[in-house]
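Visitor: Here is the input, now give the coordinates:
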Amino acid sequence: MKDTPLMDSLDTWTEGTHSDHLQALFGADVFSAHVMQERLPKDVFGKVLKTINEGAPLDPTIADAVAMAMKDWAIEHGATHYTHWFHPLTGGTAEKHDSFVAPEGSGRALLEFSGEQLISGEPDASSFPSGGLRATFEARGYTAWDATSPVFLHRDETCVILCIPTAFVSYTGEALDKKTPLLRSMDAVSTQALRILTLFGSHKGVSRVNATVGAEQEYFLIDEGYFRERPDLQVARRTLFGAKPPKDQELSDHYWGSIPERVLAFMNAVDLALYRQGVPVKTRHNEVAPGQFELAATYQTANVASDQQMLVMEMLTRTAPKFGLKALLHEKPFAGMNGSGKHDNWSLATDTGVNLLNPQDEAHTNMQFLVFLCAVIRAVDLHAGLLRACVASLANDNRLGGHEAPPAIISIYLGEMLQDIIEQLECGDAKSTMQGGELHLGARTLPQIPKHTGDRNRTSPFAYTGMKFEFRAVGSSANIAWPNCVLNTIVADSLEFMADELEKAVGKSPTESELESAVRDLLQRVIKKHKRVLFDGDGYSQAWRDEAKSRGLLNLTNSVDALRQLHDPRTIDVFSRFRVLTPQELQAREAIYLEQYATQALIEAKSMTSIAHRQITPCTIRQQAEIAEAVVATVNAGVSADALRTRLEQYAGLADRFRGAADELDSAVEAVPGDAEADAKAVRVRDTVLPAMTALRELGDALEVMTSSDYWPLPSYREMLFD
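Guide: Numbering: from 1, shown residues only. Got it, this is the predicted structure:
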């Protein structure tokens, strides 16, 4: 990367970062429980806390008091405006800023913010994707305050905005966002998990079970100057042309290597800005591909984690230009090397702090844990297609199945210890838990370190990694609200099944021995029926694809096939039964995601042909002319030009095929009917436009290798990733 001077204000980000300063900094821009306790009457604070901690309905009578305290706090921190901040179905976030200033009528102004303004807003619902839920002329929509997610301040160099996390619904109450179904799914999984805890007598003092999430964010950084020279990166956020460099990631020398100085300064700025907003970022490091990095946060409840993940992505993209960089969050910005994911670490925990997916020391005796574990296994097996659909996008199709990304076949990796227990349970009763022991490293100066009971499997899309499941198929640019909504809903379905079966067998107040016998029988049945989804081998191998097919597992290699799972009767049923999404809301999402798939592909195709016609073709004409002139000059000098003539013929032939492929892609794009239904349009794009793009790219990349760097119009992979 180019050596660009750091911004003059860098010192303001980094000065005084000792522990006291960091403690004072963390959450400074969050209207936290601590701030509310200081500013709200005791009874009002207690009611708000009950909503936050227990999911109790928000008492509307306290809204004005909360709004006044929130406004005063925000203004003291420099805020001039507020916004209802929400997650529309675009995949990003949305905000409309309203000023606190209100005219009084006598030429003066007041600073106002009422409880009504806090609780709800009225954005235009017709201009956001609705999938047919709203007609263009039906504009009214509502935002509703999510009191369980912290209100925060957004700062930039010119202003401070009070941001209120909200849900977004239509005039008819249908969800037009990703937050509303997520919150519904959190209620569903909590209700069913509490039934299991009640059967085991573990429910005392527990009022709610929370889905918890810790998300990892992978991304690329390139010099901003190179970004401005690449129309494909500007429009599509990925390179549509680019020949493989002589060296990329094959030496694995970038992974966890020393972080470049400018990148480290950027990371530090991002961390400190996120600390202010209460985002508990924990880890940062070089990733596998050159120019690739990772940031990870610690666990939050699923809706808070989703909000904070959107802040992470926003902060990465906002901060990078201050250091002369551009952050790329696309799943596959560079062909032939690692793409970027967003590993979604999901678990369940009581509001008293007990992780329900923690096996403890003797996992085979922890029947409650085994019920939750087998509920997850059953959920993933029954709804594997839905899990694949919830990570479907054009960008993620480019990533899944190679370069450390999981395959499109959804399977579970449990690790040796849990796999052994599952096999014991299938045969009858689990008698033992595999122990990890210690590793002896062979040098007296090195300590003995504890050895885990199983390795990790980086090819598994859904892996148990200790007290949590890591859903590795989520793409780096995705909003994690949707995958976690799906996980919560399908696990709620399986927990309901488990609770129903146990209550049917032993009632709601069984003895310990009755419950143990019923649980053992239920687990054995569930394992025998759903063990096909368990796999601990190489997910990239052809042998696994063949075996998965024999097991009856789906291999949905493209988003069009995957998104069709949204109208599968089993999908419609599970969302409807738990009141997470109505059939109409689900149908709308399928239409929106298919339309986004097709539209993004067409944008990329048009960008490709524009680059081909306006940049690459002119450069090939100059290169071809230069070779032809060399042939003539060589012949005139009385020297054999056979090799040059062969080179000219090869290059001219390749350039001709490239121009022909560009014309074919133009024709494929023009043939896509603009008024087609979303599914038909997506199928047409998948079957005609994408293959034409692949053919054009192959020829373009071959031309890059044969063209002088003086003529080639686009920064190369070598320049962008190694300079």
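
Visitor: Quick check: residue 712 touching residue 704?
Guide: Yes - at 5.8 Å, residue 712 and residue 704 qualify as touching, with contact defined as C-beta atoms under 8 Å. All C-beta atoms are positioned from the backbone trio N, CA, C, and that covers glycine.

Visitor: list the residues that contact both of these two?
Guide: Common neighbours of residue 712 and residue 704 are not found (criterion: C-beta atoms under 8 Å, 6 or more residues apart in numbering).

Visitor: Can I get the strand ranked longest in the chain as PDB, trimmed to CA atoms?
Guide: Longest strand of the chain, by residue count under DSSP state E: strand 209-223. Taking C-alpha atoms only, strand 209-223 is exported to PDB below (Å, rounded to 0.1, in the frame of the first residue of the first chain):
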ATOM      1  CA  VAL A 209     -33.600 -17.000  27.700                       C
ATOM      2  CA  ASN A 210     -31.600 -14.900  25.300                       C
ATOM      3  CA  ALA A 211     -30.200 -15.800  22.000                       C
ATOM      4  CA  THR A 212     -26.600 -14.400  22.200                       C
ATOM      5  CA  VAL A 213     -24.300 -13.600  19.300                       C
ATOM      6  CA  GLY A 214     -20.700 -12.700  18.900                       C
ATOM      7  CA  ALA A 215     -19.900 -11.800  15.300                       C
ATOM      8  CA  GLU A 216     -16.600 -11.700  13.500                       C
ATOM      9  CA  GLN A 217     -16.100  -9.300  10.600                       C
ATOM     10  CA  GLU A 218     -13.600 -10.000   7.800                       C
ATOM     11  CA  TYR A 219     -12.700  -7.200   5.300                       C
ATOM     12  CA  PHE A 220     -10.100  -6.000   2.900                       C
ATOM     13  CA  LEU A 221      -8.200  -2.700   2.800                       C
ATOM     14  CA  ILE A 222      -6.700  -1.200  -0.300                       C
ATOM     15  CA  ASP A 223      -5.200   2.200  -1.000                       C
END
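
Visitor: Point out the other helices and strands that it packs with.
Guide: helix 179-199, strand 292-297, strand 300-301, helix 302-319, strand 325-328, strand 344-350, helix 481-506, helix 717-722 (3 or more C-beta pairs under 8 Å, 6 or more residues apart in numbering; DSSP states H and E).

Visitor: Can you list the buried residues in the last one?
Guide: By that I understand helix 717-722. Neighbour counts over helix 717-722 (16 or more other C-beta atoms under 10 Å) mark 717-721 as buried.

Visitor: Would you mind giving the helices and strands packed on strand 209-223 as TSV with distance to residue 79 and mean pLDDT added?
Guide: Shown next, in TSV, are these (distance: least, C-beta to C-beta, whole Å; pLDDT from 0 to 100):
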stretch	distance to residue 79	mean pLDDT
helix 179-199	23	96
strand 292-297	25	93
strand 300-301	24	94
helix 302-319	17	96
strand 325-328	26	97
strand 344-350	32	96
helix 481-506	26	97
helix 717-722	39	91
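
Visitor: Pipe the ones you listed into a markdown table and attach distance to residue 68 per row.
Guide: What follows is the helices and strands packed on strand 209-223, written out as a markdown table (distance: least, C-beta to C-beta, whole Å):
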| stretch | distance to residue 68 |
| --- | --- |
| helix 179-199 | 25 |
| strand 292-297 | 32 |
| strand 300-301 | 27 |
| helix 302-319 | 24 |
| strand 325-328 | 38 |
| strand 344-350 | 34 |
| helix 481-506 | 30 |
| helix 717-722 | 51 |
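
Visitor: What pLDDT is listed against the residue of the chain most remote from its centre?
Guide: Of all residues in the chain, residue 638 has its C-alpha farthest from the mean position, at 64.0 Å, by C-alpha atoms, centre = their mean. You'll see residue 638 listed with a pLDDT of 92.

Visitor: gap between it and residue 632?
Guide: Counting by C-beta to C-beta, to the nearest Å, the separation of residue 638 from residue 632 is 12 Å.

Visitor: swap in residue 492?
Guide: On the measure of C-beta to C-beta, residue 492 and residue 632 end up 76 Å apart.

Visitor: which one of these two has more residues nearby?
Guide: More crowded of residue 492 and residue 632, by other C-beta atoms under 10 Å: residue 492, with 26 against 11.

Visitor: Spit out the contact partners of that one.
Guide: 185, 188-189, 191-193, 578.

Visitor: For ChimeraX, what selects the buried ones among those?
Guide: Those of the contacts of residue 492 that count as buried under 16+ other C-beta under 10 Å are selected in ChimeraX with:
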select :185,188,189,191,192,193,578
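
Visitor: ok, the contacts of residue 492 vs residue 231, which is closest?
Guide: When these are ranked by distance to residue 231 (C-beta to C-beta), residue 185 comes first, at 40.0 Å.

Visitor: Contacts only, for that closest one.
Guide: So residue 185 contacts 211, 484-486, 488-489, 492, 578, 580 (C-beta under 8 Å, 6+ apart).

Visitor: The same query, at a cut-off of 10 Å, please.
Guide: For residue 185, the contact set (C-beta atoms under 10 Å, 6 or more residues apart in numbering) comprises 211, 302-303, 481, 484-492, 575, 578-581.

Visitor: Repeat that for residue 51.
Guide: Here residue 51 is in contact with 57-59, 62, 146-148 (C-beta under 10 Å, 6+ apart).

Visitor: about what we covered before: now the element after the longest strand of the chain, going C-ward?
Guide: Using DSSP states H and E, the helix or strand that directly follows strand 209-223 along the chain is helix 224-228.

Visitor: in the stretch 51-200 of the chain, which spans are helices?
Guide: Under the criterion DSSP state H, counting those that start in this stretch, the stretch 51-200 of the chain contains helices at 63-76, 115-119, 179-199.

Visitor: Hmm, residue 391 is touching residue 559, no?
Guide: Yes - using C-beta atoms under 10 Å, residue 391 is in contact with residue 559, at 9.1 Å.

Visitor: All the helices of the stretch 601-723 of the chain, in order from the start?
Guide: Listed in chain order, the helices of the stretch 601-723 of the chain (DSSP H, counting those that start in this stretch) span residues 617-636, 642-670, 678-684, 690-706, 717-722.

Visitor: just so I know, which of those helices lies nearest residue 511?
Guide: Across these, closest to residue 511 is helix 678-684 (C-beta to C-beta), at 54.0 Å.

Visitor: how far does that closest one sit from the chain's center?
Guide: 25 Å (C-alpha atoms, centre = their mean, to the nearest Å).

Visitor: what about it, average pLDDT?
Guide: The average of the pLDDT scores along helix 678-684 is 95.

Visitor: Show me which residues of that helix are buried.
Guide: Quick answer for helix 678-684 (16+ other C-beta under 10 Å): 678-679, 681-684.

Visitor: what's the most distant pair in those residues?
Guide: 678 and 684 (11.0 Å).

Visitor: okay, and the common contacts of these two?
Guide: 560, 598.

Visitor: so residue 469 makes contact with residue 487?
Guide: Yes - using C-beta under 10 Å, residue 469 is in contact with residue 487, at 8.1 Å.

Visitor: Who has more neighbours out of those two?
Guide: More crowded of residue 469 and residue 487, by other C-beta under 10 Å: residue 487, with 29 against 24.

Visitor: Next one: that one from residue 144, what distance?
Guide: Here residue 487 is placed at a distance of 23 Å from residue 144 (C-beta to C-beta).

Visitor: Check residue 634 too.
Guide: Counting by C-beta to C-beta, the gap from residue 634 to residue 144 is 76 Å.

Visitor: again, but for residue 85
Guide: Per C-beta to C-beta, residue 85 is found 12 Å from residue 144.
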